[in-house]
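Enquirer: this is a predicted model, with the sequence first.
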Amino acid sequence: MATTIIRSILTCICRQPKQAKKVIQNSQKYSTYYGVNGTRKTTALKNMLNSKKLEFIMEAHSGLSARIVQEAGFDGIWGSGLSVSAQLGVRDSNEASWTQVLEVLEFMSDASNIPILLDADTGYGNFNNARRLIRKLEDRGIAGACLEDKLFPKTNSLHDGRPQPLADIEEFALKIKACKDIQTDPDFCIVARVEAFIAGWGLDEAVRRAEAYRNAGADAILMHSKKDNPSDIEAFMKAWNNQVLGPVVIVPTKYYTVPTQHFRDMEISMIIWANHNLRASVKAMQDVTNRIYRDQSLASVEKEIVPVKEIFRLQDDYELHEAEDRYLPCRDVQ
């Protein structure tokens, strides 16, 4: 008995340095505020917006999808309001409260070490709601928020035939200023999303709003359009002059056939692939669920879906196993 206990203690002591090193490395893999190279997530997003090359961020709506986006090689994540609300089973009309969205974002931030730009709708109310949101986003390591100049509760921009009332320009500009004034990290980014084209207004209104928001402190302008061609964006970029007036972000969900090189030639700063992980997952779940229901068997789908071990890997289950060796009492070695 004594020999067994001694052997157990020696085994624990001998394995601790190696296990401790692994646990430390794994704990550094995903950080709330910092990326793998030690750069703050906020700084990484700001650098992307101001980069001379075209940057891309990909939609995610959960901790798992955030990790998948990072593993694919993307340098940033779009926290899509449509996707987050959809995976919660509610409409993209601010039916999910900002605190519920915040909880999802916390999991996304913890599961990744690339910056997240939140689709923050209108800021969930007036300037006071918006600035409180910014403080809570900073607490959770979110790198930036994109605010759109419409009224609360929001209407999704891609709906056909629905009114899209816009906010008063001065009031929205002051909302941006309130958010910039409250942030504690100077690199936290506020992106102002201009909905003039969505609401049926012309180029002059789009430029007027973009200039007002930029002057209020917005780090970038997101110019939105739901045409199936890039004519709105082309007209705006000619009037805006990206190099002088600041970075421009676009969401080419509807004009997806346009070659990416065309956006480079226009000097667009960033492209958001806005909802494609959600749409892909819905299609996959519908297909698999319908087949299992029809066949009353798993045989036809098992080889077409990931093994359970892949889920464990994405959950970092191995880190827990290693940490248990480090932090739980040693067991007897038989």
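Expert: All right, it came through fine.
Enquirer: what about the strands in the stretch 51-200 of the chain?
Expert: Here the stretch 51-200 of the chain has its strands, by DSSP state E, counting those that start in this stretch, at 55-60, 77-79, 116-119, 144-148, 189-194.
Enquirer: go through the fourth one and flag the buried ones.
Expert: Neighbour-count burial for strand 144-148, with 16 or more other Cβ atoms under 10 Å as criterion, is recorded at Gly144, Ala145, Cys146, Leu147, Glu148. C-beta here means a position set from N, CA and C on the backbone, and glycine is covered the same way.
Enquirer: same deal with the shortest one?
Expert: Across strand 77-79, burial judged by 16+ other Cβ under 10 Å covers Ile77, Trp78, Gly79.
Enquirer: tell me what the first one is bridged to.
Expert: So the one you mean is Ile77. With DSSP bridges as the criterion, Ile77 is bridged to Met58, Ile116.
Enquirer: dump the buried residues of strand 144-148 to TSV, plus pLDDT and distance to Gln164.
Expert: TSV is the format used below for those (pLDDT from 0 to 100; distance: Cβ to Cβ, whole Å):
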residue	pLDDT	distance to Gln164
Gly144	98	24
Ala145	98	20
Cys146	98	17
Leu147	98	15
Glu148	97	10
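Enquirer: OK, contacts around Thr43?
Expert: Counting by Cβ atoms under 8 Å, 6 or more residues apart in numbering, Thr43 touches Asp187.
Enquirer: please apply the same query to Cys179.
Expert: Gly123, Phe127, Ala130, Arg131, Ile134, Ala145, Leu147, Ile190.
Enquirer: repeat for Leu88
Expert: Ala96, Gln100, Val104.
Enquirer: what pLDDT does it get?
Expert: We have a pLDDT of 96 for Leu88.
Enquirer: distance check, it against Ser65.
Expert: 13 Å (Cβ to Cβ, to the nearest Å).
Enquirer: do a quick rundown of the helices in the stretch 101-250 of the chain.
Expert: 127-139, 169-182, 203-215, 231-240, 242-245 (DSSP state H, counting those that start in this stretch).
Enquirer: contacts for the fourth one?
Expert: Yep, that's helix 231-240 we're talking about. Contacts of helix 231-240 (Cβ under 8 Å, 6+ apart): 197, 203, 206-207, 210, 221, 223, 225, 248, 250, 255, 266-268.
Enquirer: buried subset of the residues you listed, written for ChimeraX?
Expert: One line in ChimeraX is enough to select the buried ones among the contacts of helix 231-240; burial here means 16+ other Cβ under 10 Å:
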select :197,206,207,210,221,223,225,248,250,255,266,268
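Enquirer: what sits against the residue nearest to Ile142 when sequence neighbours are not counted?
Expert: Spatial nearest neighbour of Ile142, chain neighbours left out: Ile116 (5.1 Å); criterion: Cβ to Cβ, 6 or more residues apart in numbering. Taking Cβ under 8 Å, 6+ apart, we find Ile116 in contact with 41, 60, 66, 76-79, 105, 108-109, 141-144.
Enquirer: out of these, which one sits closest to Ala178?
Expert: Nearest to Ala178 among the contacts of Ile116, counting by Cβ to Cβ, is Gly144 at 15.6 Å.
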